[in-house]
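**Student:** Coordinates only, no sequence provided:
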């Protein structure tokens, strides 16, 4: 039996999410990102294509590393303006029945007590279709605008995030017992206070003494996404993530190396390696003929803003590329920004060395994700190869322009994958975790760290 491919639509509540300049494409609708109807239509489109979820990326700052200021980002709509990704989820959930929603929220800047409440509420409202994409945030502008004098050092952010996860696990999984809610009209008891417990967390970074303020939701803990590529990031993902998004691999061998490394780390962390679904990002460009696909690709490239991409790449890596010769090679310099993006163009690339110019041109269409250009059959071939040979579990489909990338993929590629038996024709279940891992499993597995905390005495949590 062929591996069953999972799919997410990867986007962001902004004008041109991951391809600077593509808002100028004649068919792009990104300027409607503030219109709720735009999001409801997008959710309906992805559900019609039987996608598992809509993955909503986010940052909390402006890209201002390039030329030491934000002007280039503002001029080119490089993820600015940028709206809150969580507020449209309730409306999208009301218009769909099965599609999941993975919202990005920073473990560095959102207090764990509040974040736990927000996601529990959304899990109730969506009937168990919510995921949390855990990030530690890479922009210095986020830190200073949220009251810090400087950015927290990269590895220290992950150490802090590790304790953060203990706090939210205690709130989601262990504060309310499963049968705490009685809703007994005759006795007048809504919830049994003996079955609702303070977590009494006192750690290096967080002090959270009280109990969760939301009763258990369908999934309790939302599905946990993560995108770490650095050494610290991979260790964090292997311990906590249920689904992992990556753009680090440039070819099949690099993908196999990455998936093998993550599964090895998961096993060493005491987890089932198959309990992590790995989603490489891809930018599919599909035509009914090879010539049509190539023409579409060239048109997309012609709209990419080189200067805007320089600003985005500078923000991603923490390096101001305005002072670099375009033909010099990218160097792996340690910064407190995202290590994964820089590693992609340096140490993670086994097949080539990237000049600044080459990195920018590649990064500008889908943040450096793999481009798959061809007929529906050729695109399906590539995805099946990455799944069956590269050990990917699914793909985050990254928009080049919106909603055309999704429309072409759903109309042309999904039927091919379905005919080949590589992709569902109907949803398996109603919750996101069940659609990802199998019907009957709406809750996080017993071997996950969230559940292992149950081994602690009730008084200690």
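**Tutor:** That came in fine, so what should we check first? Since the structure is predicted, the reported quantities are computational estimates derived from the model, not experimental observations. Numbers count the residues shown, from 1 in each chain.

**Student:** now that we're looking at the nearest residue to residue 12 once chain neighbours are set aside, which residues does it contact?
**Tutor:** Among residues not flanking residue 12 along the chain, residue 57 sits closest, at 4.5 Å (C-beta to C-beta, 6 or more residues apart in numbering). All C-beta spots, glycine's among them, are computed from the backbone N, C-alpha and C. Residues in contact with residue 57 (C-beta atoms under 8 Å, 6 or more residues apart in numbering) are 10-12, 17-18, 85, 104, 133.

**Student:** Of those residues, which is the most crowded?
**Tutor:** When neighbours are taken as other C-beta atoms under 10 Å, the top entry among those is residue 10 (29 neighbours).

**Student:** Tell me the bridge partners for that residue.
**Tutor:** Legend: beta-bridge partners of residue 10 under DSSP bridges are residue 55, residue 398.

**Student:** Please, where are all the helices along the stretch 351-461 of the chain?
**Tutor:** Taking DSSP state H, counting those that start in this stretch as the test, the helices found in the stretch 351-461 of the chain are 356-363, 376-388, 404-408, 414-419, 432-437, 449-452.

**Student:** State the pLDDT value of residue 280.
**Tutor:** On pLDDT, residue 280 comes in at 97.

**Student:** Please apply the same query to residue 250.
**Tutor:** For residue 250, the model assigns a pLDDT of 85.

**Student:** And what about it, helix, strand or coil?
**Tutor:** coil (DSSP: H, G, I helix; E, B strand; the rest coil).

**Student:** Would you map the helices across the stretch 51-200 of the chain?
**Tutor:** For the stretch 51-200 of the chain, helices defined by DSSP H, counting those that start in this stretch occupy the ranges 71-75, 89-94, 112-125, 140-145, 154-169.

**Student:** which stretch in the ones you listed is the model least sure about?
**Tutor:** Comparing mean pLDDT across those, the weakest is helix 140-145, with a mean of 90.

**Student:** Among the helices of the stretch 51-200 of the chain, which comes closest to residue 357?
**Tutor:** Nearest to residue 357 among the helices of the stretch 51-200 of the chain is helix 71-75; the distance by C-beta to C-beta comes to 16.8 Å.

**Student:** got the buried residues for the closest one?
**Tutor:** 72-73 (16 or more other C-beta atoms under 10 Å).

**Student:** Could you do stretch 31-41 as well?
**Tutor:** Residues 32-33, 38-41 are the ones in stretch 31-41 that count as buried (16+ other C-beta under 10 Å).

**Student:** likewise stretch 47-54?
**Tutor:** Here stretch 47-54 shows 47, 49-54 as buried, counting by 16+ other C-beta under 10 Å.

**Student:** just checking, which of the residues you listed belong to strands?
**Tutor:** If you go by DSSP state E, the buried residues of stretch 47-54 have 53-54 in strands.

**Student:** Could you identify the most distant pair in the buried residues of stretch 47-54?
**Tutor:** Farthest pair in the buried residues of stretch 47-54, by C-beta to C-beta: 50 and 54, 12.9 Å.

**Student:** any idea how far residue 165 is from residue 235?
**Tutor:** According to C-beta to C-beta, to the nearest Å, residue 165 and residue 235 sit 13 Å apart.

**Student:** which one of those two has more residues nearby?
**Tutor:** residue 165 (20 against 16).

**Student:** what separates the more buried one from residue 370, distance-wise?
**Tutor:** Computed with C-beta to C-beta, the distance linking residue 165 and residue 370 is 30 Å.

**Student:** try residue 233
**Tutor:** According to C-beta to C-beta, residue 233 and residue 370 sit 20 Å apart.

**Student:** got it, and residue 254?
**Tutor:** Distance check for residue 254 against residue 370: by C-beta to C-beta, it reads 10 Å.

**Student:** More neighbours: which of the two?
**Tutor:** Each of residue 254 and residue 370 has its neighbours counted (other C-beta under 10 Å); residue 370 has more, 22 against 19.

**Student:** Identify the bridge partners of that one.
**Tutor:** Here residue 370, judged by DSSP bridges, has bridge partners residue 282.

**Student:** oh, and call the first residue 10 from now on, that's how I've got it
**Tutor:** From this message on, residue numbering opens at 10, which makes the last subject residue 379.

**Student:** Give me the pLDDT for it.
**Tutor:** pLDDT recorded at residue 379 is 94.

**Student:** Which of the helices or strands spans the closest residue in space to residue 258 that isn't next to it in sequence?
**Tutor:** Leaving aside its chain neighbours, residue 258 sits nearest to residue 264 (3.8 Å; criterion: C-beta to C-beta, 6+ apart). For residue 264, the element it lies in under DSSP states H and E is helix 261-277.

**Student:** starting at the chain centroid, how far to that helix?
**Tutor:** 18 Å (C-alpha atoms, centre = their mean, to the nearest Å).

**Student:** Give me the helices and strands touching that helix, please.
**Tutor:** helix 240-249, strand 286-295, helix 385-397 (3 or more C-beta pairs under 8 Å, 6 or more residues apart in numbering; DSSP states H and E).

**Student:** Kindly recompute the last result at 10 Å.
**Tutor:** Contacting helix 261-277 under the criterion 3 or more C-beta pairs under 10 Å, 6 or more residues apart in numbering; DSSP states H and E are the following elements: helix 240-249, strand 252-255, strand 286-295, strand 379-383, helix 385-397.

**Student:** and the angle for that helix with helix 240-249?
**Tutor:** Per axes from the mean of the first three to the mean of the last three C-alpha atoms, to 10 degrees, the angle that helix 261-277 makes with helix 240-249 is 60 degrees.

**Student:** Give the buried residues for helix 261-277.
**Tutor:** Neighbour-count burial for helix 261-277 flags 263-268, 271-272, 274-275 (criterion: 16+ other C-beta under 10 Å).

**Student:** cool, and stretch 215-225?
**Tutor:** For stretch 215-225, by 16+ other C-beta under 10 Å, it's 215, 217, 220-221, 223, 225.

**Student:** Stretch 322-333 now?
**Tutor:** By neighbour count with 16+ other C-beta under 10 Å, stretch 322-333 contains the buried residues 322-330, 333.

**Student:** TSV for those, including distance to residue 315?
**Tutor:** Converted to TSV, these look like this (distance: C-beta to C-beta, whole Å):
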residue	distance to residue 315
322	10
323	13
324	15
325	15
326	16
327	20
328	17
329	16
330	11
333	13
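
**Student:** any idea which of those residues is the one closest to residue 299?
**Tutor:** residue 322 (29.9 Å).

**Student:** Excluding sequence neighbours, find me the nearest residue to the closest one.
**Tutor:** The spatial neighbour of residue 322 that comes closest, neighbours along the chain excluded (C-beta to C-beta, 6+ apart), is residue 372 at 5.1 Å.

**Student:** Tell me the predicted confidence for that neighbour.
**Tutor:** So residue 372 comes in at 93 (pLDDT).

**Student:** for residue 464, same thing?
**Tutor:** Taking residue 464 on its own, its pLDDT is 45.

**Student:** Over to residue 349?
**Tutor:** 71.
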